[in-house]
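Novice: I would like the atomic coordinates for the input below:
(one chain, ligands or ions: 2)
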Amino acid sequence: MFLVSRACLFIVDSRTSPVLPTIRSHENVFVMSESVNQPILYVENLGKSVASLDASTNQPLVILHDIHLSVMPGESLAIIGPSGSGKSTLLGLLAGLDTPSTGSIHLAGENMGQMNEDQRAALRGEKLGFIFQSFQLLPTFTALENVMLPMELSDKHPSGESGLGLQQQAEQLLSRVGLGERLQHYPAQLSGGEQQRVAIARAFLSRPALLLADEPTGNLDAHTGQRIIDLMFELNTEHQTTLVLVTHDSTLADRCDRVMALHDGCFKTNADVEKESQSTPGIATSDTASTTTPSTTSTPKKSSTA
Ligand SMILES: Nc1ncnc2c1ncn2[C@@H]1O[C@H](COP(=O)(O)OP(=O)(O)OP(=O)(O)O)[C@@H](O)[C@H]1O
Ligand SMILES: [Mg+2]
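Specialist: Ligands and ions are numbered 1, 2, ... in the order given. As a prediction, this is how the structure comes out:
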């Protein structure tokens, strides 16, 4: 299916077709075929501004604008872009941890903008795993406790298919990220990469429908990073977990179904890339320049299935 919007042009195939009632409300968007498939994540006209002034315009700083995104269950998407382009801000909005200035985000069909904080927290607990760029481990809890805590605080119970209890599953996950010998260590007693792996195990424990990860391999050596990448894609395959990963790691981006490039707070189109490459020879990257016409914000890495 092709969608054409006025602001950012993009292609969506039948795997990424959005919820139809939402689409009909969007000006200048044409739906060419119908699908009953529902995206796990659907973002329309998303924008984020903050009160701090943009020194160049003396206006409130616009961090994100005109973001459109549709991600189907089981899909893997890499979001790339230079430092400061808005990747972490976008991920925080997708997780409902921050409030958009414009637009809407639907998670599993629910409009997060129409929920109160408690409802958003419940939806997050039910559907989401989040790996923060800054880990966000609790300093007074051990590695094992940090992994278990969100599940202990939620009503959600780990899948019973393995027959293991919560603690055993947490220990197993910590072993899978190579920390079986560090269960009782506190964050301050762990290296940066080890803390990151605890954060990864914590995000996996609830077997989320959608895993949002901000630079999940950013602090890891190549070997450990590869192990974590393999683990994320095992989860993706075993449980149809949708992956939305912010990364500077080309090995990780290459494993994803799609790659989207964020520049100055907007997903870049082919036309933008062509314009830049004409004005600055050699600037186009394979991440953004090899897409098909019409202009698109995403580079499919695998063929679509539906
Ligand atoms: N609360 C805020 N107030 C003012 N400016 C902010 C705020 N949060 C983010 N920014 C600015 O918005 C821009 C995008 O920040 P963000 O952290 O999303 O970038 P990023 O793409 O994740 O970068 P990196 O790759 O370095 O992690 C940056 O220029 C940052 O300084
Ligand atoms: Mg960031």
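
Novice: Which residue lies closest in space to whichever residue of the stretch 151-300 of the chain sits closest to ligand 2, excluding its sequence neighbours?
Specialist: Nearest residue of the stretch 151-300 of the chain to ligand 2: Asp214, at 5.8 Å (CB to the ion). Where C-beta positions appear, they are placed from N, C-alpha and C, glycine not excepted. Sequence neighbours aside, Gln133 is the residue nearest to Asp214 in space, at 4.0 Å (criterion: CB to CB, 6 or more residues apart in numbering).

Novice: for the stretch 51-200 of the chain, what are the low-confidence residue spans?
Specialist: 155-162 (pLDDT under 70).

Novice: And the helices in it, which stretches?
Specialist: 87-94, 117-127, 143-153, 166-176, 192-205 (DSSP state H, counting those that start in this stretch).

Novice: what does the second one contact?
Specialist: Spelled out, it's helix 117-127. 40, 95-96, 107-108, 110, 112, 115, 130, 150, 154-156, 206, 208-210 (CB atoms under 8 Å, 6 or more residues apart in numbering).

Novice: May I see the buried residues of that helix?
Specialist: Neighbour-count burial for helix 117-127, with 16 or more other CB atoms under 10 Å as criterion, is recorded at 120, 123-127.

Novice: Repeat that for the third one.
Specialist: Using 16+ other CB under 10 Å as the burial criterion, the residues of helix 143-153 that qualify are 143-151.

Novice: The longest one now?
Specialist: By neighbour count on 16+ other CB under 10 Å, the buried set for helix 192-205 is 193-205.

Novice: Strands of this structure, start to end?
Specialist: Taking DSSP state E as the test, the strands found in the chain are 2-3, 10-11, 41-54, 59-71, 76-80, 102-107, 110-111, 128-131, 210-214, 242-246, 258-263, 266-267, 298-300.

Novice: could the ones you listed go into JSON lines alongside mean neighbour count?
Specialist: Putting the strands of the chain into JSON lines (neighbours: other CB atoms under 10 Å) gives the following:
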{"stretch": "strand 2-3", "mean neighbour count": "17"}
{"stretch": "strand 10-11", "mean neighbour count": "20"}
{"stretch": "strand 41-54", "mean neighbour count": "17"}
{"stretch": "strand 59-71", "mean neighbour count": "20"}
{"stretch": "strand 76-80", "mean neighbour count": "25"}
{"stretch": "strand 102-107", "mean neighbour count": "19"}
{"stretch": "strand 110-111", "mean neighbour count": "15"}
{"stretch": "strand 128-131", "mean neighbour count": "24"}
{"stretch": "strand 210-214", "mean neighbour count": "24"}
{"stretch": "strand 242-246", "mean neighbour count": "25"}
{"stretch": "strand 258-263", "mean neighbour count": "22"}
{"stretch": "strand 266-267", "mean neighbour count": "24"}
{"stretch": "strand 298-300", "mean neighbour count": "21"}
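
Novice: Which one, of those, ends up nearest to Leu179?
Specialist: Among the strands of the chain, the nearest to Leu179 by CB to CB is strand 128-131 (14.7 Å).

Novice: For the closest one, what is the distance to the chain centroid?
Specialist: 9 Å (CA atoms, centre = their mean, to the nearest Å).

Novice: Turn the strands of the chain into JSON lines, columns for distance to ligand 1.
Specialist: Rendered in JSON lines, the data for those read as follows (distance: least, CB to the nearest ligand atom, whole Å):
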{"stretch": "strand 2-3", "distance to ligand 1": "25"}
{"stretch": "strand 10-11", "distance to ligand 1": "20"}
{"stretch": "strand 41-54", "distance to ligand 1": "4"}
{"stretch": "strand 59-71", "distance to ligand 1": "4"}
{"stretch": "strand 76-80", "distance to ligand 1": "9"}
{"stretch": "strand 102-107", "distance to ligand 1": "16"}
{"stretch": "strand 110-111", "distance to ligand 1": "23"}
{"stretch": "strand 128-131", "distance to ligand 1": "13"}
{"stretch": "strand 210-214", "distance to ligand 1": "7"}
{"stretch": "strand 242-246", "distance to ligand 1": "7"}
{"stretch": "strand 258-263", "distance to ligand 1": "7"}
{"stretch": "strand 266-267", "distance to ligand 1": "12"}
{"stretch": "strand 298-300", "distance to ligand 1": "17"}
